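Visitor: What would the 3D arrangement of this be:
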Amino acid sequence: MVMNKIATKLLFLFLLSSFTILLSGCNNSDLSDETVDPAEVFDTIEVIQERGKVIAGVRFDTRLFGLKDSKSGKVEGLDIDMARTLAKKILGDETKVELKEVTSSTQIPLLKDGQIDVIIAAMSVTEDRKKEVDFSDVYFYAGQSLLVPKGSPIRGLDSLSSDTTVIAVEGSTSVKSIKDKAPESNVVEYNDYQEAFAALKSEQGDVLTADNSILLGMMREDANFEMVGGLFTNESYSIAIHKGDQKMVDTVNEMLKELKESGEYTKLYEKWIE
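Guide: Alright, predicted model coming up:
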């Protein structure tokens, strides 16, 4: 029933968009100032309340933020706790949340298709992404760095050359950054961070690049690796929301403000990051 409602909403958005274009073609000069963005019609909170749960797009491959235990099947991390807090904010019950796995390349399509309500997945805010989704206030700051085996001659960006194989995750902001900053290096992209780290450990590449917060989780998993080269980008993590859904943006921002003012965010940060 809920999926039918979501499908109906998405169909309505499509028809409304087509109707607007048709009218513009008939009398563009009269209607140019009255064009309505159909995305503003989407009401995530209404969908969540009718469904009775929040469907959050989260990572299953990123230690500290969202990592699935292969034995228990449990997903844990800062972003997972944030998703539960959002469910409590909207529905009054933190257990009313479904965690749906996303990757850097699937997260926005899944949101736009209505398969998830929000993206809480260590997602960096970029100008390109702002064209497709709306973002909440920032809840975490990070920066891109390099991960190498201890004893590696690679000590930073200056060490990267045409003989260097750099491992990165497909669809992540790290791919574009490393190609811009070390264009001579060979970049090999993997589907997720678990695959990327496994490739580094099996010597399929010389260095792995990602945000320092993600690399920190890898170092905690295996002490044979270290970060080098400092930070060469500034990344801001925010929660991504359907484009035009200001009510949801405001609700998420209220949640973040309450977390910070109550001291609960500090506790979550200390629990997962420090």
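Visitor: Could you use CA atoms for every contact and neighbour count after this?
Guide: Will do.
Visitor: ok, residues contacting stretch 195-209?
Guide: Outside stretch 195-209, the residues within contact range by C-alpha atoms under 8 Å, 6 or more residues apart in numbering are 144-149, 154, 164-169, 174, 178, 189-190, 215, 218.
Visitor: How is Ile167 assigned, secondary-structure-wise?
Guide: Assigned state for Ile167: strand (three-state reduction, DSSP: H, G, I helix; E, B strand; the rest coil).
Visitor: what separates it from Asp158, distance-wise?
Guide: Relative to Asp158, Ile167 is positioned 16 Å away (C-alpha to C-alpha, to the nearest Å).
Visitor: higher neighbour count, those two?
Guide: Neighbour totals were compared for Ile167 and Asp158, and Ile167 leads with 29 against 10 (other C-alpha atoms under 10 Å).
Visitor: OK, contacts around the more buried one?
Guide: Val187, Val188, Glu189, Tyr190, Ala196, Ala199, Leu200, Gly205, Asp206, Val207, Leu208, Thr209.
Visitor: next SSE after the helix or strand bottoming out on mean pLDDT in the chain?
Guide: Every helix and strand in the chain was compared by mean pLDDT, DSSP states H and E; the lowest is helix 28-31, with a mean of 36. With elements assigned by DSSP states H and E, the helix or strand that comes after helix 28-31 is helix 44-51.
Visitor: Going along the chain, name the helices of this protein.
Guide: 2-26, 28-31, 44-51, 78-91, 107-112, 127-130, 173-181, 193-201, 212-221, 246-262, 264-272 (DSSP state H).
Visitor: thinking again about what came up before, wait, which of the contacts of Ile167 is closest to Leu256?
Guide: In terms of C-alpha to C-alpha, no member of the contacts of Ile167 lies closer to Leu256 than Thr209, at 28.8 Å.
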